[in-house]
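Peer 1: pasting the sequence and the predicted model now:
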Amino acid sequence: MALPGFNWLTRQTPSSKTSSTARPTVASKPVSRAANAGARGSRGVVDAYDGVHPDYDLTVGIFPTPKGNYGFLLHDRISGETAIVDPMDAGPIVALARARGCGIHHVLNTHHHNCAGNLALKRATGCTIHGPAAEADRIPGIDIAYKGGEKFTLGKLTGEVLAVPGHTFGHLAFWMPGAGVLFCGDVLTPMGCGRLVEGTPHEMWRSLDLIRNLPPETLIYSGFECAQANGRFALTIDRKNMWLQSRMKRVDQACGAGRASVPVKLEDEHTTNPFLRVDDDRIAAAVGLPGAGPVDVFTELRKRRDLFQLQA
């Protein structure tokens, strides 16, 4: 599919005076637009649900690459701190941050495939580079290595590092429960999951199961644009799923308008992503494995997805 015809997209989570003990909520409709949404020549914005936390005001910028990857610029407007998730090319990121008046303080690498811009960003900004300990030798300029289970901060936001191997051996995801957002690289993708490049089916299913048990209102920022292909494959498995049919129509419309397919609510993945439902008897039966365990069903489903990609 064609990538969005713009350099970046923005969402922001508006702050509020509500007490810090209030429960985080997620708005049921878009409440913010990109700063450049009205600019002439802009083809669209990430017009998705906004996570609203009573204390934080987080802006998330999305920048696509020609290879179909997404990187993200996270800016805490209260502290002014900014982090980049999975930088593939430093030049546009530095230009964007400068245009927005942001310094770049941190780089968060989910895995070693998406870190080509690390060293250039470090030279330009002196930022701290975070990444997986298991892949530290393949993360250029790494300063802080995580195994999973640690916490990190961006301004007043506290995040949690999740170990989600499967796509690669040391893959991480960065979860900010207060803002209701997850940056999961290439593990969970819209209506699909990443290929098993280094990990095993058991590892990937365990990682997906960890993600699917996060709060359902969590906004998922995946690192790869593959929603249309994933959706077409999902329909070969789950043809009668009305939620999936409806979502594919929305995805086709968004992609046709040049909009990114991320973020998406986790609860939408619960109903439309067959890889999160490999313990559902209907998915097991659809792949010819009635009564089989989830790892076996996942293995067969991933194998079919790989063949589907080759045939597409």
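Peer 2: Arrived safely, thanks for sending. Owing to the predicted nature of the structure, the values given are computational and were not obtained by experimental measurement. Numbers count the residues shown, from 1 in each chain.

Peer 1: show me the beta-bridge partners of the residue nearest to P263 when sequence neighbours are not counted.
Peer 2: Spatial nearest neighbour of P263, excluding adjacent residues (Cβ to Cβ, 6 or more residues apart in numbering): L219 at 4.1 Å. Using the backbone N, CA and C atoms, a C-beta is placed for each residue, glycine as well. Beta-bridge partners for L219, by DSSP bridges, are V181, K265.

Peer 1: wait, doesn't L219 sit right on E267?
Peer 2: No: L219 lies out of contact with E267 (Cβ atoms under 8 Å); the separation is 10.4 Å.

Peer 1: more crowded one of the two?
Peer 2: Neighbour count, other Cβ atoms under 10 Å: between L219 and E267, L219 has more, with 24 against 15.

Peer 1: measure the residue nearest to P263 to C127 for me?
Peer 2: 24 Å (Cβ to Cβ, to the nearest Å).

Peer 1: then Y70?
Peer 2: 19 Å.

Peer 1: compare the two (neighbour count), which wins?
Peer 2: Between Y70 and C127, counting by other Cβ under 10 Å, Y70 is the more crowded of the two (25 against 21).

Peer 1: in a strand, the more buried one, correct?
Peer 2: Yes: Y70: assigned to a strand according to DSSP: H, G, I helix; E, B strand; the rest coil.

Peer 1: show me what it is bridged to.
Peer 2: P64.

Peer 1: quick check: it touching S222?
Peer 2: Yes: contact criterion Cβ under 8 Å: Y70 and S222 qualify, at 7.2 Å.

Peer 1: any shared contact partners between the two?
Peer 2: Common neighbours of Y70 and S222, using Cβ atoms under 8 Å, 6 or more residues apart in numbering, are V262.

Peer 1: which secondary structure element of the protein has the lowest mean pLDDT?
Peer 2: Using mean pLDDT, DSSP states H and E, strand 25-26 stands out as the lowest-scoring helix or strand of the chain, at a mean of 30.

Peer 1: who are the packing partners of the longest helix anywhere in the chain?
Peer 2: Identified as the longest helix of the chain according to DSSP state H is helix 294-311. Packing partners of helix 294-311 (3 or more Cβ pairs under 8 Å, 6 or more residues apart in numbering; DSSP states H and E): helix 201-212, helix 227-237, helix 281-286.

Peer 1: just the C-alphas of that helix, formatted as PDB.
Peer 2: The C-alpha trace of helix 294-311 is given here as PDB (Å, rounded to 0.1, in the frame of the first residue of the first chain):
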ATOM      1  CA  PRO A 294      -2.700 -22.200  21.200                       C
ATOM      2  CA  VAL A 295       1.000 -22.600  20.300                       C
ATOM      3  CA  ASP A 296       0.200 -25.200  17.700                       C
ATOM      4  CA  VAL A 297      -2.600 -23.100  16.200                       C
ATOM      5  CA  PHE A 298      -0.400 -20.000  16.200                       C
ATOM      6  CA  THR A 299       2.400 -22.000  14.400                       C
ATOM      7  CA  GLU A 300       0.000 -23.100  11.700                       C
ATOM      8  CA  LEU A 301      -1.600 -19.600  11.400                       C
ATOM      9  CA  ARG A 302       1.800 -17.900  11.100                       C
ATOM     10  CA  LYS A 303       2.900 -20.400   8.500                       C
ATOM     11  CA  ARG A 304      -0.200 -19.600   6.500                       C
ATOM     12  CA  ARG A 305       0.400 -15.900   6.800                       C
ATOM     13  CA  ASP A 306       3.900 -16.300   5.500                       C
ATOM     14  CA  LEU A 307       2.700 -18.300   2.500                       C
ATOM     15  CA  PHE A 308      -0.100 -15.700   1.900                       C
ATOM     16  CA  GLN A 309       2.500 -13.000   1.800                       C
ATOM     17  CA  LEU A 310       4.500 -14.900  -0.800                       C
ATOM     18  CA  GLN A 311       1.400 -15.400  -2.900                       C
END
